[in-house]
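J.: let's see this in three dimensions:
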Amino acid sequence: MTAALDIAPRALICSISKHTSAIIPVPTIRPPAIRPPAVAGAFYPAQPKVLADAVRELLGAAQVPAGTPKALIVPHAGYVYSGQTAAAAYSSLTQARASIRRVVLLGPVHRVPVRGLAAPDADVFATPLGQIPIDRSAITALSGLRQVVTSDAAHAWEHSLEVQLPFLQTVLGDFTLVPLAVGDASAEEVAAVLERLWGGPETLIVISSDLSHFHNYREAQALDRSTVDAILHFDHHIHHEQACGGTPINGLLLAAQRHGLHAQLLDLCNSGDAVIDGHAVDKSRVVGYASFAFYESTHNAHVQH
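T.: Numbers count the residues shown, from 1 in each chain. Have a look, this model is predicted:
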């Protein structure tokens, strides 16, 4: 039957008797729309084995915190700069490989302006490590929210979401993805989206954001420490000079506080801490990175201040 379907015409003529026949329409099967990787080879390796080895090495060097988080905040720079900080977050999912089946991933738009939160029309997001199916039913569940729009253009070149995918593909088993590119939206609008998708232990929320941009090393350290303290105190007024993903962070902080989550800082650094090919990088204009985990109240997480 499978082979027949591969060559079937748009209608099959089935004999009802030797004198009559009926035309039974066969629906056209649309191939899945795939969003291909846009920044492979720039933000992370494009070769599958090299990428897989790099992610495993980063995860292997990370300390595994106790418990499984409900939500993460993770940076989105090139892996040579923020990969270790990202790995500090994703290592926390080790015990949830089989239980997390859906990832709600929010990150700020960098190229295409958006009013609200943009879902893709694509069916699949691809990386060099394989394909991730989009949770179309979850996106349909958001259709009643006016702040949610559809825009493949917003996703086509957006790196803030893409760089998270190889980590997720490595630490989780099979899962579906709800990717939302966040533009001009209020914290309440973001929180309403997260509330609708909150789910149970099968759902992980990931917010993609870097911290301060283009200050010198010492200034960045002071600014980022202040931002970290604000996040740990659930201050949902983070502005974009503090974090490029301030909008989705603020929405998460609102939702997390309402659900009684506890926040934990996992790692904090900036691009000035990187060493590339044995050489230190410029410390006069750096970008800050931090990763956080948010735990349900049943988890006795130590909240770092």
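J.: and F43, how far from P65?
T.: As for F43, its distance to P65 is 25 Å (criterion: C-beta to C-beta, to the nearest Å). Placement of C-beta: from N, CA and C, glycine included.
J.: can you check W198 too?
T.: W198 sits at a distance of 22 Å from P65 (criterion: C-beta to C-beta).
J.: more neighbours: the two, which one.
T.: Shown here are W198 and P65; by other C-beta atoms under 10 Å, P65 has more neighbours (19 against 15).
J.: for the residue nearest to that one when sequence neighbours are not counted, give me phi and psi.
T.: Closest residue in space to P65, ignoring its immediate chain neighbours: S92 at 4.9 Å, by C-beta to C-beta, 6 or more residues apart in numbering. Backbone geometry at S92, expressed as degrees, to the nearest 10, gives phi -70, psi -10.
J.: what's the answer for P248, then?
T.: Dihedral angles of P248 (phi, psi; degrees, to the nearest 10) stand at phi -70, psi -30.
J.: which of the helices or strands spans the closest residue to it other than its chain neighbours?
T.: Nearest non-adjacent residue to P248, counting by C-beta to C-beta, 6+ apart: L106, 4.1 Å away. L106 is located in strand 102-108, with elements delineated by DSSP states H and E.
J.: CA atoms of stretch 99-114 as CSV?
T.: The C-alpha trace of stretch 99-114 is given here as CSV (Å, rounded to 0.1, in the frame of the first residue of the first chain):
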residue,chain,number,x,y,z
SER,A,99,10.1,13.0,30.5
ILE,A,100,10.4,16.3,28.6
ARG,A,101,8.4,15.9,25.4
ARG,A,102,7.8,19.6,24.5
VAL,A,103,10.1,22.6,24.5
VAL,A,104,8.6,26.1,24.5
LEU,A,105,11.4,28.3,23.2
LEU,A,106,11.3,32.1,23.2
GLY,A,107,14.0,34.5,22.0
PRO,A,108,14.2,38.1,20.9
VAL,A,109,14.1,39.0,17.2
HIS,A,110,17.3,40.5,15.8
ARG,A,111,16.6,41.0,12.1
VAL,A,112,12.8,41.3,11.4
PRO,A,113,10.6,43.6,13.5
VAL,A,114,7.6,41.9,15.0
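J.: so how far is it off the chain centroid?
T.: 5 Å (C-alpha atoms, centre = their mean, to the nearest Å).
J.: what's the answer for stretch 122-138, then?
T.: The chain centroid and the centroid of stretch 122-138 are separated by 12 Å under C-alpha atoms, centre = their mean.
J.: again with stretch 204-223
T.: Put simply, stretch 204-223 sits 17 Å off its chain's centre (C-alpha atoms, centre = their mean).
J.: can you pull the buried residues of it?
T.: For stretch 204-223, burial by neighbour count (16 or more other C-beta atoms under 10 Å) applies to 204-213, 215, 217, 220-221, 223.
J.: what's the distance between R258 and K70?
T.: 12 Å.
J.: how far does stretch 155-170 sit from the chain's center?
T.: With C-alpha atoms, centre = their mean, you get 6 Å for stretch 155-170.
J.: what's the end-to-end length of it?
T.: Using C-alpha to C-alpha, to the nearest Å, the end-to-end distance of stretch 155-170 comes out at 22 Å.
J.: can you give me the buried ones in that stretch?
T.: By 16+ other C-beta under 10 Å, the buried positions in stretch 155-170 come out as 155, 158-170.
J.: flag the helix or strand of this structure with the lowest per-element mean pLDDT.
T.: The helix or strand of the chain with the poorest confidence is strand 11-15; it has a mean of 33 (mean pLDDT, DSSP states H and E).
J.: picking that back up, OK, contacts around the residue nearest to P248?
T.: Shown in contact with L106 (C-beta atoms under 8 Å, 6 or more residues apart in numbering): 117, 180, 182, 190, 194, 205-208, 245, 248, 251-252.
J.: of all the residues you listed, which comes closest to V287?
T.: Of all the contacts of L106, V287 sits closest to G245, with 12.4 Å by C-beta to C-beta.
J.: return the per-residue confidence for the nearest residue to the closest one once chain neighbours are set aside.
T.: Once flanking residues are discounted, G245 sits nearest to S209: 2.5 Å by C-beta to C-beta, 6+ apart. pLDDT recorded at S209 is 98.
J.: what does stretch 43-51 contact?
T.: For stretch 43-51, the external contacting residues (C-beta under 8 Å, 6+ apart) are 37, 40, 54, 76-79, 83, 127-129, 159, 162-163, 166.
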